[in-house]
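S.K.: heads up, no residue letters with this:
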């Protein structure tokens, strides 16, 4: 039997939650959210009508309630008659260290469990126990004894411990007694969670995102639900004549549009969006530069009809990778196309790379066609196509460039890669007019276009002929 | 010499010799002989017992409120009140019996060890404060 951790996403990662009658260690640095996490576990079960018990060694219960996020406090208020507590910190000044002996602690906790018929419990902050044991093996024994007492009573317990440096727990023994170990990381910006141990059951490895806000705790696993791969069907991009150039585009393809500012990447994204909307298909437009109003106004000014498109605006520097991944996941129901507009060059950490790969793979399997626009920093002759992970996964890569022809800065595109193989190998000139992208044609009489300073082939031939 | 109203009390020979030794060793206390020493000792002891009993009864009288105050932060207002009401209902005048019943009530909620510890500390605290 499994007992919920109070967070359904975490339950999934742990194969259903804690084992019934288990002793579970929650360890983390100060401010990582251990107490809130533990309280959430209690409130979850209390709101389901179960009596629960909180045992504090340090922080007062009053303080904990005062500092609860609003959402959690509301849930607590509804079920507070089911939440019982023993605040050992409050009686320590009068009763002294004797109350921290295993006899007193163990007996008091088990008596209280019996009085309230509480099988769900938390022992928060075991640090005050530590100075009373000269050797770590003594502490290990005490924790083991406590765990046995509680297990005998049928209790499923979380106990929290503060991390010391790189050690998993304060004394380095707690994890040996525990049936499961959850580690909370907090670097002052992002919170991460890691399951390190789960006795007798499998779990999802690696770091997962989590967030504490006014509503409480949210978990963002580093994996998305498994799905069966959708059938491949041809789709239209939405720009007249472009299918002949980029070859066959299928549902689930990942298209990368890369180029310097002003080459029309966003306008192409509007075409791509409008094409799906015309066919009553849902579109999710994620912009990293403009907000919803700006996007709609700009699109409207160019005559695009974007009504009905779901738009999300994100600051790329404030993205928590797994949280972002799950936000997208929750917004793609009935969506056939997703656009990520305005990705710039950024060093990605391991979590961001993993989230990027997981999300793009999921969209691919679900048959959602994804368009990513990437802005290169150099105006002419750039060979930076975009993020390595995206290049690797992309089915079509379209490189947009400026080139100087007849004292004019003109726009050209070249297909770098296409799954369809039947794509145009030549360099195509295009323009942006009031109604979007206009394909002009192939630049057959020029060479060196990619360098940004092309030469006429005819002139070259004449020069060659002259020297012959 | 004693009067008609005086009563005789026997003490073992070793104790009598010990009293004589003390009288000789600490003459500045002014005991004129063993009889005066015994009278002084009894007077002091009776006073001490009476004072101790007063403290004990005061401690016992304050116990329901002290326990409620302590348990309020420890286990919550309602539960503390419930325990305190049960303690207030104890009718025993004998302090020892009273404390035994208090421990019994607390034991049901907190276990024997913590119940005894709380009762013991509350009595100690009261005597320090006195």
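M.R.: On my side now, so go ahead. Source: prediction; values computed, not measured.
S.K.: hmm, who's touching the host helix or strand of residue A:85?
M.R.: Here residue A:85, judged by DSSP states H and E, is contained in strand A:83-87. Strand A:83-87 has contacts (Cβ atoms under 8 Å, 6 or more residues apart in numbering or on different chains) with A:42-43, A:46, A:51-56, A:60-61, A:76, A:108-109, A:112, A:116, A:118, B:73-76, B:79. In short, each C-beta sits where N, CA and C put it, glycine included.
S.K.: Just the buried ones from these, in ChimeraX syntax?
M.R.: Selection of the buried residues among the contacts of strand A:83-87 in ChimeraX, burial being defined by 16 or more other Cβ atoms under 10 Å in any protein chain shown:
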select /A:42,43,46,51,52,53,54,55,56,61,76,108,109,112,116,118 /B:73,74,75,76,79
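S.K.: what about residue 5, how many residues close to it?
M.R.: Defaulting to chain A. Residue A:5 has 27 neighbours, counted by other Cβ atoms under 10 Å in any protein chain shown.
S.K.: that's the other chain; I wanted chain B
M.R.: Per other Cβ under 10 Å, the neighbour tally for residue B:5 reads 5.
S.K.: likewise the one 5 residues further on?
M.R.: Residue B:10 has 6 neighbours, counted by other Cβ under 10 Å.
S.K.: how about it, secondary structure?
M.R.: Three-state call for residue B:10 (DSSP: H, G, I helix; E, B strand; the rest coil): coil.
S.K.: And it, how far from residue B:38?
M.R.: Shown here: residue B:10 relative to residue B:38, a distance of 11 Å by Cβ to Cβ, to the nearest Å.
S.K.: swap in residue B:123?
M.R.: Here residue B:123 is placed at a distance of 31 Å from residue B:38 (Cβ to Cβ).
S.K.: what element comes up after the strand holding residue A:85 heading to the C-terminus?
M.R.: Using DSSP H and E, the helix or strand that follows strand A:83-87 in sequence is helix A:88-95.
S.K.: In contact with the closest residue to chain B within the stretch 351-468 of chain A, which residues are there?
M.R.: Residue of the stretch 351-468 of chain A nearest chain B, by Cβ to the nearest Cβ: residue A:351 (41.5 Å). Counting by Cβ under 8 Å, 6+ apart, residue A:351 makes contact with A:192, A:207, A:209, A:222, A:321, A:322.
S.K.: Tell me the one of the residues you listed nearest residue A:465?
M.R.: Comparing the contacts of residue A:351 against residue A:465 with Cβ to Cβ places residue A:321 closest, at 58.9 Å.
S.K.: Contacts only, for that closest one.
M.R.: Counting by Cβ under 8 Å, 6+ apart, residue A:321 touches A:209, A:349, A:351, A:352, A:354, A:355, A:356.
S.K.: Could you work out the most separated pair of the residues you listed?
M.R.: Longest span within those, Cβ to Cβ: A:209 and A:356, 13.4 Å.
S.K.: Give me the more crowded residue out of those two.
M.R.: In terms of neighbours (other Cβ under 10 Å), residue A:209 is the more surrounded of residue A:209 and residue A:356; the figures are 23 against 20.
S.K.: and that one, helix, strand or coil?
M.R.: Residue A:209 ends up strand, using three-state DSSP.
S.K.: beta partners of it?
M.R.: Beta bridges link residue A:209 to residue A:192, residue A:220, judged by DSSP bridges.
S.K.: Check whether it really touches residue A:189, as I assumed.
M.R.: No - using Cβ atoms under 8 Å, residue A:209 is not in contact with residue A:189; the gap is 11.7 Å.
S.K.: Just give me the closest of the contacts of residue A:351 to residue A:387.
M.R.: Set against residue A:387, the nearest of the contacts of residue A:351 by Cβ to Cβ is residue A:321 (12.9 Å).
S.K.: Please identify the nearest residue in space to that closest one, excluding sequence neighbours.
M.R.: Among residues not flanking residue A:321 along the chain, residue A:355 sits closest, at 3.6 Å (Cβ to Cβ, 6 or more residues apart in numbering or on different chains).
S.K.: how far away is that neighbour from residue A:329?
M.R.: Counting by Cβ to Cβ, the separation of residue A:355 from residue A:329 is 11 Å.
S.K.: Repeat that for residue A:35.
M.R.: From residue A:35 to residue A:329 the distance is 29 Å (Cβ to Cβ).
S.K.: before we move on, what about residue A:274?
M.R.: Where residue A:329 is concerned, residue A:274 sits at a distance of 24 Å (Cβ to Cβ).
S.K.: All the helices of chain B, in order from the start?
M.R.: Under the criterion DSSP state H, helices of chain B are mapped to B:13-25, B:34-75, B:77-88, B:95-110, B:112-129.
S.K.: swap that for the stretch 51-200 of chain A, please
M.R.: A:61-66, A:70-79, A:88-95, A:102-116, A:136-152, A:174-177 (DSSP state H, counting those that start in this stretch).
S.K.: Mind putting these into JSON lines with distance to chain B and mean pLDDT?
M.R.: Formatted as JSON lines, these follow (distance: least, Cβ to the nearest Cβ, whole Å; pLDDT from 0 to 100):
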{"stretch": "helix A:61-66", "distance to chain B": "7", "mean pLDDT": "90"}
{"stretch": "helix A:70-79", "distance to chain B": "13", "mean pLDDT": "94"}
{"stretch": "helix A:88-95", "distance to chain B": "4", "mean pLDDT": "87"}
{"stretch": "helix A:102-116", "distance to chain B": "3", "mean pLDDT": "91"}
{"stretch": "helix A:136-152", "distance to chain B": "11", "mean pLDDT": "82"}
{"stretch": "helix A:174-177", "distance to chain B": "22", "mean pLDDT": "72"}
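S.K.: out of these, nearest to residue A:413?
M.R.: For the helices of the stretch 51-200 of chain A, distance to residue A:413 was read as Cβ to Cβ. The smallest value, 49.0 Å, belongs to helix A:70-79.
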